[in-house]
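# Fold the following for me, if possible:
(one chain, ligands or ions: 1)
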Amino acid sequence: MDDSIKRSYEKYFRLNRLPHLWCPGCGNGIAMKAIVMAIEKHPELNKDNTVIISGIGCSSRASGYMDFDTLHTAHGRALPFATGIKMARPDLKVIVITGDGDCTAIGGNHFIHTCRRNHDLTVILFNNNIYGMTGGQTSPMTPQGKKATTTPYGSMAHPLDPSALAKAAGATYVARSTAYHVKHLADVIEQGLNNHGFAFVEAIVQCPTSYGRKNKMGSPADMLAWMRDHAVMKAAWDKMSDEEKTGEKFPIGVFLDTRAAEYGDEYNKLIERLGGARS
Ligand code: SF4
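As a prediction, the model looks like this:
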């Protein structure tokens with residue numbers, strides 16, 4: 001890689017915190033890089049006006065490596081922290097990094113209601129289909145039939161679709177991509193950063209240690225090839241028949257890009273109406 005390109009991304013990381021603790025071949029690093037690729041396309045964003053907040057889990061270690069104002073919070077509580085910061089300092093760009101368990105299990109109610117209020121946040125969920133950090137238990141996104149330490153004969157439950165949930169709950173930008181489609185992933189995050197309201201990006205990432213090994217998915221490269229072979233761009237997905245949509249294929253792309261009243265703006269209007277001044 002050209003040295004100048006390499007350096008342009010290095011500035012976003014706390015090099016004294018590296019090497020990271022993710023397993024070799026983990027997809028979390030790819031998703032973290034996609035976030036800084038997206039930030040790089042927004043010259044107005046810098047270390048002083050961008051806050052990165054995470055919860056708990058392998059994904060949420062990312063905030064520790066990123067050289068911004070960062071908060072590594074409690075399990076499932078990244079969104080309440082992010083909401084508080086955005087309400088106190090609406091001038092800041094607030095980005096949340098979360099995982100499938102953090103966002104939709106213990107943090108599920110926060111997720112629904114933060115979408116509903118359309119807070120101006122950009123949320124990137126690293127979906128690896130499992131609780132990686134705690135040893136490979138099923139998460140809400142473990143596909144039916146897939147094995148985990150808590151479901152050695154295969155998960156019986158239907159998995160949650162977090163993008164569909166975000167859309168139904170009131171988010172105003174919703175997209176999905178994968179660690180294989182890294183440029184596409186950076187592009188949809190970049191568009192999410194443009195959204196004035198709740199932007200949600202689901203990044204499908206590989207966990208070769210806790211999910212791939214249990215489900216005989218091969219090497220990290222094999223898991224990336226699986227994403228290549230099963231992800232379908234939304235335009236093509238929309239033309240597929242219901243029969244073609246069965247199995248493990250899934251759509252990627254922008255599912256929603258709309259406008260709606262943002263909570264902080266509505267709050268400001270209320271304060272103005274009541275004759276007060278926001279501190
Ligand atoms: Fe990544 Fe899985 Fe290892 Fe966690 S357990 S660092 S998600 S490969």
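
# I'd like to know how many residues surround the residue in the stretch 151-279 of the chain that the ligand sits nearest to.
Distances between the stretch 151-279 of the chain and the ligand by CB to the nearest ligand atom are smallest at residue 207, namely 3.2 Å. Heads up, the C-betas are built off the backbone N, CA and C, glycines and all. Applying other CB atoms under 10 Å, we find 31 residues neighbouring residue 207.

# quick one: contacts for the residue lying closest to it once chain neighbours are set aside?
Leaving aside its sequence neighbours, residue 207 sits nearest to residue 128 (CB to CB, 6 or more residues apart in numbering; 3.8 Å). For residue 128, the contacting residues are 27-28, 58-59, 99-100, 204-207, 210-211, by CB atoms under 8 Å, 6 or more residues apart in numbering.

# for residue 47, same thing?
67-69.

# Out of those, grab the one that's most surrounded.
Neighbour max across the contacts of residue 47 (other CB under 10 Å) = residue 68, 21 neighbours.

# Against residue 212, how distant is the spatially closest residue to residue 210 that is not a sequence neighbour?
In this structure, residue 210 finds its nearest non-sequential neighbour in residue 136, 3.4 Å apart by CB to CB, 6+ apart. Separation of residue 136 from residue 212 (CB to CB, to the nearest Å): 10 Å.

# Just give the number of residues close to residue 88.
Residue 88, neighbours per other CB under 10 Å, totals 11.

# same thing with residue 82?
Here the count is done by other CB under 10 Å, and residue 82 has 28 residues near it.

# which secondary structure element contains it?
Here residue 82 sits within helix 78-88, counting by DSSP states H and E.

# now residue 126
Using DSSP H and E, residue 126 sits within strand 122-127.

# Repeat that for residue 156.
Applying DSSP H and E, one finds residue 156 in no helix or strand.

# Filter the contacts of residue 47 down to the ones in strands?
If you go by DSSP state E, the contacts of residue 47 have residue 69 in strands.

# Would you confirm that the residue nearest to residue 210 contacts residue 151?
No - at 9.9 Å, residue 136 does not count as touching residue 151 under the criterion of CB atoms under 8 Å.

# Which one of the two is surrounded by more residues?
Legend: neighbour count by other CB under 10 Å for residue 136 and residue 151, higher for residue 136 (21 against 18).

# Can you name the residues that contact the more buried one?
Under the criterion of CB under 8 Å, 6+ apart, the contact list for residue 136 reads 130, 148-149, 209-211, 214.
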